[in-house]
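*Asks:* Test case, fold it:
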Amino acid sequence: MTTANTEAELDLVVTRRTDEAHAVVSLELRQPDGAPLPHWTPGAHVDLLLQPDLVRQYSLCSSPRDPHAWQVAVLHEAEGRGGSTHVHGTLTEGAKVRVRGPRNNFPLLPATKYLFIAGGIGITPILPMLEEAERQGSAWELLYGGRSLKSMAFHEELLKHYPDRIRLHPQDEHGLPDLDAFLGTPRPGTAVYCCGPEGLLKAVEERCAAWPAGSLHLERFAAKEQAAPALAEAFEVELANSGLTVTVPPDQTVLEAVEEAGIKVPTSCREGTCGTCETDVLEGVVDHRDSVLTPEEQAAHDTMMVCVSRAACPRLVLGL
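*Replies:* Below is the predicted model:
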């Protein structure tokens, strides 16, 4: 059996659990022996391997400058798929949890100014970005919305540290945030970073359509809607490192076909949002169906998320 490169996994301990807002808890994670954790940069996330068939991704929301502790914050979604219920119900202080990562699909890139937009628990990847922008002396503003103040995690901490740069917008008091006023006229050199529910992301995408290419950076919690596949028929995938060729029928993903051939690929979400299964494309044109890669990255056709993306040509050659 061939195995693709895998990330390190660590058994960490919950050293602090804090109620940050209504239905939101944060977990501080450390090595049992106090050893340093792997380096990470703002925008990174980790996988919590909660059970053999229950893996969830959460953004790191602590300071990258603290090498000994990671922090994640988790919203309890009663109608979700079980991850947040497991976290809220079992990960108390002293509990152990297996963690994989960190991985960064939402990096903070250089810009003359930053406009940050967060909706609800989408504030988590933004928090270390604010610290980094402040450390660099960059100009920045944050628009942070939520259903109510009591549901908006870390809002008191934000107001304490950055009182002049934060716009809080609880919906029960002020309605929906005024994105037109916040985004205004397209500004070259200004980067827009947004994380939150799909409705917010779509609204920000619409308002940034006229901005210079590469200005907008999004992170999604769930897969975005996709059109029909580019190819309705089966296609071939050559696995260059393994010397195998597999056929992917219309009702199967590339990942499933590769796994059936005995090739183990690191995977987590299986819906194109986490980036774990990103694979090098050596030849061919990809029908990108992920929610991770930027339009520019997708246009290069040199990498793909094999859990959801497909071929837009009869044959792909992958670095597996």
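
*Asks:* show me where the stretch 1-150 of the chain has helices.
*Replies:* With DSSP state H, counting those that start in this stretch as the criterion, the stretch 1-150 of the chain has helices at 83-90, 126-136.

*Asks:* How far off centre is the last one?
*Replies:* A distance of 17 Å separates the C-alpha centroid of helix 126-136 from that of its chain, computed with Cα atoms, centre = their mean, to the nearest Å.

*Asks:* just the helices of the stretch 1-150 of the chain: most buried one?
*Replies:* By mean neighbour count, with neighbours taken as mean count of other Cβ atoms under 10 Å, helix 126-136 ranks first of these at a mean of 20. No exception for glycine: its C-beta is placed from N, CA and C like everyone else's.

*Asks:* isn't there a strand covering Phe182?
*Replies:* No. With DSSP: H, G, I helix; E, B strand; the rest coil as the criterion, Phe182 is assigned helix and is not in a strand.

*Asks:* For Asp280, which non-adjacent residue is spatially closest?
*Replies:* Once flanking residues are discounted, Asp280 sits nearest to Gly319: 3.4 Å by Cβ to Cβ, 6 or more residues apart in numbering.

*Asks:* Next up, the contacts around that neighbour.
*Replies:* By Cβ atoms under 8 Å, 6 or more residues apart in numbering, the contact set of Gly319 is Ala240, Asn241, Thr279, Asp280, Val281, Leu282.

*Asks:* can you do 6 Å?
*Replies:* For Gly319, the contacting residues are Ala240, Asp280, Leu282, by Cβ atoms under 6 Å, 6 or more residues apart in numbering.

*Asks:* Out of these, which sit inside strands?
*Replies:* Asp280, Leu282 (DSSP state E).

*Asks:* Now do Tyr58 against Phe221, distance only.
*Replies:* 10 Å (Cβ to Cβ, to the nearest Å).

*Asks:* So the two - more neighbours on which side?
*Replies:* Tyr58 (25 against 19; other Cβ atoms under 10 Å).

*Asks:* Can you check what pLDDT the model gives the more buried one?
*Replies:* What the model reports for Tyr58 is a pLDDT of 96.

*Asks:* Make sure it is actually in contact with Val72.
*Replies:* Yes. Using Cβ atoms under 6 Å, Tyr58 makes contact with Val72 at a distance of 3.9 Å.

*Asks:* Give me the residues contacting whatever helix or strand Glu256 lives in.
*Replies:* For Glu256, the host element (DSSP states H and E) is helix 254-260. When contacts are defined by Cβ under 6 Å, 6+ apart, helix 254-260 is touched by residues Val237, Val246, Val248, Val265, Val306, Cys307.

*Asks:* quick revisit: please identify which of the contacts of Gly319 is nearest to Gln298.
*Replies:* Lowest distance from Gln298 to the contacts of Gly319 (Cβ to Cβ) belongs to Asp280, with 14.3 Å.

*Asks:* How many neighbouring residues does the closest one have?
*Replies:* 14.

*Asks:* for Ala181, same thing?
*Replies:* Ala181 has 9 nearby residues by other Cβ under 10 Å.

*Asks:* and if you look at Asp180?
*Replies:* Neighbours of Asp180 (other Cβ under 10 Å): 9.

*Asks:* do the same with the one 4 residues further on
*Replies:* When counting by other Cβ under 10 Å, one arrives at 11 neighbours for Gly184.

*Asks:* Kindly report the same for Cys277.
*Replies:* 25.

*Asks:* Check the gap between it and Cys307 for me.
*Replies:* Counting by Cβ to Cβ - Cys277 and Cys307 are separated by 5 Å.

*Asks:* Give me the common contacts of those two.
*Replies:* Common contacts of Cys277 and Cys307 (Cβ under 6 Å, 6+ apart): Thr267.

*Asks:* pLDDT weak spots in the stretch 101-250 of the chain?
*Replies:* In the predicted model, the stretch 101-250 of the chain carries no residue with pLDDT under 70.

*Asks:* What segments of it are strands?
*Replies:* 113-119, 139-146, 166-170, 190-196, 216-220, 235-239, 244-248 (DSSP state E, counting those that start in this stretch).

*Asks:* Turn those into JSON lines, columns for distance to Asp178 and mean neighbour count.
*Replies:* Formatted as JSON lines, the strands of the stretch 101-250 of the chain follow (distance: least, Cβ to Cβ, whole Å; neighbours: other Cβ atoms under 10 Å):
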{"stretch": "strand 113-119", "distance to Asp178": "11", "mean neighbour count": "24"}
{"stretch": "strand 139-146", "distance to Asp178": "9", "mean neighbour count": "21"}
{"stretch": "strand 166-170", "distance to Asp178": "8", "mean neighbour count": "18"}
{"stretch": "strand 190-196", "distance to Asp178": "15", "mean neighbour count": "24"}
{"stretch": "strand 216-220", "distance to Asp178": "18", "mean neighbour count": "21"}
{"stretch": "strand 235-239", "distance to Asp178": "46", "mean neighbour count": "20"}
{"stretch": "strand 244-248", "distance to Asp178": "46", "mean neighbour count": "16"}
